[in-house]
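> structure, please.
(chains A and B)
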Amino acid sequence: MSAAISIEAKLLKARRAGVDLHPTTLRLAPGRHALVGRQEDGAALLLACMAGEVRLKGGELTVLGGSPRDPKVRARVGFVPLGLVLPDVLRVDETLTLARHIRGEDAADKSVALALAALGIETLARRRVHTLDPSEVRAVALAEVLASKAVSVVLIEEPFATMAAPAAAALPHVLAAQSGKCIVVSTASANDASRVASDFALFDRGRLLRIVPEAPLRETHEVPRMHVLCQDARALAAALAKKPEVAELELLGDGVVVSGKDLALLAAAVNAAIVDTGVEVQRIEPEPASLEALRADALAELAQRTAVAAAVGRP
Amino acid sequence: MSTLALARLPAARLVRTRGAAVALVGWTVLALGMTLLARHENTSSVDGVLLGVYLPFVLPLMTYAIVGAALGGSGITTAVRPLVRFGASPRASALATGLVAALGSAVACALTAAVLVAAAHNPLDPPLGQDLALTVYAAALGGAAHAAFFVLGSAIGTRGGGRSAMLVINWVCGASPSWISAFVPYTHTRSLLGGLPVVTLSENASAWSLAAIIAVGLGLSALRVRR
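A predicted model of the protein is given here:
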């Protein structure tokens, strides 16, 4: 295995809670990667395999050149799953100090405090872990992992779900600033993946469909989509619903996702609706294609390749 | 990474949660109350208190609660999971957790036994100092062995339900006159506290047997922790 490869899976097979991961081959170098797929697609299962939490049913998986279940490897892997458990009776700062002791690092180092501050959760430092809500526990675990110099592989399940709001807001910038680490997230949201990763492994019912770089993920969809993050999403959605340029509209907790046939006309309609309603807009960003659209693209491409291969092989 | 670092979490569970403190204070107060009542009726004796109240109820139930507190109320695999997540060896973490439970139980059992001996002592008993020293030694060794026995139980079953089974086995086998009683800590502790010997074993052999139960209990529980 090349020294630059952090994680290598060869025909890896695994099973957990009724989800099967079919033979998967994948190589991940330092950088930011996303495993995109729902729970039943096996993306989270592959992440758990990388963290050494699930025994393989077949194939091989090496993380940093060793088995992911080896304690020496685990000390260099930071895993932030959903439903994370931290030492409940310790304070946050004590937990982080203990983690540094176990990872063989200097406990007096200030980097933990800096990581808490970078994620906007420095006020949690003196609180007992059992008083934190699950989103704060995940943010603390993330700070621990990002502060550690020993950790070379960072695995995050659903980075924006059950994550303290300040940490979720800071996460894309904080992850982008991590150099030399292999950061892998698993998510069912193409949008979340595009915010933190630079390439995407797309999964469908336990199969790796394809690996795509960031640009095609944002561009391949034929219908332009926009995500408007704003305060009064309901009022903006009502105004947008009246615009003929808007083909589809989806009301989310933090804003509105709109799609239309023409990007320029759609942008003009969104602009007019904002002016009409006077809502306070935080940001407007292009919305990546939905997971279903990406999956349909990948399956169509696969079918085309299969047809071409069959035609070439025909006498 | 040191064992001390791995011991920090179970030690914090013991000190910072109510389970261990409630068991220690509750059982001590109950046993002391019974001892003072017997003393008031001029029926108190060190043997009567230690073998009639302390050994069958106070020591096993207090140790059971202390082990539960050190493990955070779960099985040992779950108890060490937060440490394993940071890269600690599961087996070393389990061993450190078991050692903390055994040490905590030894101290608590020795303290309670000392209080009871001092309260129950009457002129017909051996000199108080000698009685205290022997009782503290036997209670500490017996407490640690009971803890190791329960830690081994906590490695059985997905939620460590084997701990409750071990409590029952300790009582049932401890009441048996056959060789099977040599495999539980109850009978050896009884022998050291001045009660019936275990089959034909001497007190010295019982002390070594308790040491063996500690080693085997903690060792097997660590080996059973899934990597």
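> C-alpha from now on. contacts and neighbour counts both.
Noted.
> ok, which stretches of chain B are strands?
Taking DSSP state E as the criterion, chain B carries no strands.
> low-confidence ranges in it?
Applying pLDDT under 70 to chain B flags residues B:1-2, B:42-44, B:226-227.
> ok, the residue in it positioned nearest to chain A to A:Ala75 distance?
Shortest chain B-to-chain A distance, computed as C-alpha to the nearest C-alpha: residue-wise this is B:Gly87, at 3.7 Å. Distance of B:Gly87 to A:Ala75, computed by C-alpha to C-alpha, to the nearest Å: 4 Å.
> hey, what's in contact with both of those two?
Contact criterion C-alpha atoms under 8 Å, 6 or more residues apart in numbering or on different chains; residues bridging B:Gly87 and A:Ala75 by contacting each: A:102-103.
> what's the burial count for A:Arg76?
For A:Arg76, the neighbour count with other C-alpha atoms under 10 Å in any protein chain shown is 22.
> check contacts around it.
A:103, A:150-153, B:87.
> highest neighbour count among these?
For the contacts of A:Arg76, the largest number of neighbours (other C-alpha under 10 Å) sits with A:Val153, at 29 neighbours.
> sticking with A:Arg126, tell me its helix or strand.
Assigned by DSSP states H and E, A:Arg126 belongs to no helix or strand.
> ok, which stretches of chain A are helices?
With DSSP state H as the criterion, chain A has helices at A:43-50, A:71-74, A:92-102, A:111-118, A:134-147, A:165-176, A:190-196, A:214-219, A:233-241, A:263-277, A:291-313.
> rank the ones you listed by pLDDT, which is bottom?
When those are compared by mean pLDDT, helix A:214-219 comes last with a mean of 52.
> just give me the residue right at the centre of the chain.
Reading this off chain A. Nearest to the mean C-alpha position of chain A, counting by C-alpha atoms, centre = their mean, stands A:Val185 at 3.7 Å.
> actually, chain B is the one I wanted.
Chain B has B:Gly143 as the residue nearest its centroid, 2.7 Å off, counting by C-alpha atoms, centre = their mean.
> sorry, back to before: any idea what the residue nearest to the centre of chain A is bridged to?
A:Ala34, A:Ile156 (DSSP bridges).
> OK, contacts around it?
Contact analysis of A:Val185 by C-alpha under 8 Å, 6+ apart lists A:32-35, A:47, A:155-159, A:193, A:197.
> give me the lowest-pLDDT entry from those.
Minimum pLDDT for these is recorded at A:Ala193 (88).
> in terms of contact, does that residue touch A:Ala201 like I think?
No. A:Ala193 is beyond contact range of A:Ala201, at 10.0 Å (criterion: C-alpha atoms under 8 Å).
> neighbour count: these two, which is higher?
A:Ala193 (28 against 19).
> returning to that earlier point: any common contacting residues for A:Ala193 and A:Ala201?
Common contact partners of A:Ala193 and A:Ala201 (C-alpha under 8 Å, 6+ apart): A:34, A:36.
> and A:Phe160, how far is that from A:Arg195?
A:Phe160 is 10 Å from A:Arg195, by C-alpha to C-alpha.
> these two - which one has more neighbours?
Between A:Phe160 and A:Arg195, counted using other C-alpha under 10 Å, A:Phe160 has the larger neighbour count: 21 against 18.
> residues in contact with the more buried one?
A:168, A:192.
> contacting residues for residue 139?
Here I'm looking at chain A. A:119, A:121, A:163-164, A:167.
> right idea, wrong chain: chain B
B:106, B:109-110, B:113, B:189, B:193.
> and A:Ala75, by the same measure?
For A:Ala75, the contact set (C-alpha under 8 Å, 6+ apart) comprises A:102-103, A:150-151, B:85-88.
> near chain A, which residues of chain B?
Residues of chain B lying near chain A by C-alpha under 8 Å from any C-alpha of the partner chain: B:1-2, B:5-6, B:9, B:12-13, B:16-17, B:81-89, B:227.
> out of these, which are buried?
The neighbour count (16 or more other C-alpha atoms under 10 Å in any protein chain shown) marks B:1, B:5-6, B:9, B:12-13, B:81-89 as buried among the residues of chain B next to chain A.
> looking at the stretch 101-250 of chain A, which residue is nearest chain B?
Proximity of the stretch 101-250 of chain A to chain B (C-alpha to the nearest C-alpha) peaks at A:Ile102, 5.0 Å away.
> how far away is that residue from A:Pro81?
Distance, A:Ile102 to A:Pro81, by C-alpha to C-alpha: 19 Å.
> and what of B:Ala114?
Applying C-alpha to C-alpha to B:Ala114 and A:Pro81 gives a distance of 48 Å.
> same question, B:Gly75
From B:Gly75 to A:Pro81 the distance is 21 Å (C-alpha to C-alpha).
> neighbour count for the two, which is higher?
Comparing B:Gly75 with A:Pro81 by other C-alpha under 10 Å, the one with more neighbours is B:Gly75, at 24 against 21.
> helices of chain B, start to end?
Assigned by DSSP H, chain B shows helices spanning B:3-16, B:18-40, B:46-49, B:59-70, B:76-85, B:90-120, B:128-154, B:162-174, B:185-192, B:203-224.
> of the ones you listed, which is nearest A:Arg283?
Among the helices of chain B, helix B:76-85 comes nearest to A:Arg283, with 36.9 Å by C-alpha to C-alpha.
> measure how the closest one sits relative to helix B:3-16, angle-wise.
Orientation check (axes from the mean of the first three to the mean of the last three C-alpha atoms, to 10 degrees): helix B:76-85 against helix B:3-16 gives 130 degrees.
> from the contact counts, what lies against helix B:76-85?
Contacts defined by 3 or more C-alpha pairs under 8 Å, 6 or more residues apart in numbering or on different chains; DSSP states H and E place helix B:76-85 against helix A:71-74, helix B:90-120.
> run a quick neighbour tally on A:Ala311.
So A:Ala311, with other C-alpha under 10 Å, has 10 neighbours.
> could you check the pLDDT of the residue of chain A found nearest chain B?
As assessed by C-alpha to the nearest C-alpha, chain B sits closest to A:Ala75 within chain A, at 3.7 Å. Among the per-residue scores, A:Ala75 holds a pLDDT of 89.
> quick check: phi and psi at it.
Here is the backbone geometry of A:Ala75 (degrees, to the nearest 10): phi -70, psi -20.
> which ones among the contacts of A:Arg76 are found in strands?
Taking DSSP E, the ones among the contacts of A:Arg76 that sit in strands are A:Val153.
> among the contacts of A:Val185, which one has the most neighbours?
Neighbour max across those (other C-alpha under 10 Å) = A:Ala34, 31 neighbours.
> for that residue, give its distance to B:Ala212.
As for A:Ala34, its distance to B:Ala212 is 52 Å (criterion: C-alpha to C-alpha).
> OK, contacts around A:Ser259?
Neighbouring residues of A:Ser259 by C-alpha under 8 Å, 6+ apart: A:223-226, A:246-249, A:266.
> which non-adjacent residue is nearest B:Ala23?
In space, and not counting its chain neighbours, B:Ala23 is closest to B:Met62: 5.4 Å by C-alpha to C-alpha, 6 or more residues apart in numbering or on different chains.
> before we move on, what about A:Leu98?
B:Ala5 (6.6 Å).
> touching, the one you found and A:Ala99? I think so.
No. Using C-alpha under 8 Å, B:Ala5 is not in contact with A:Ala99; the gap is 9.1 Å.
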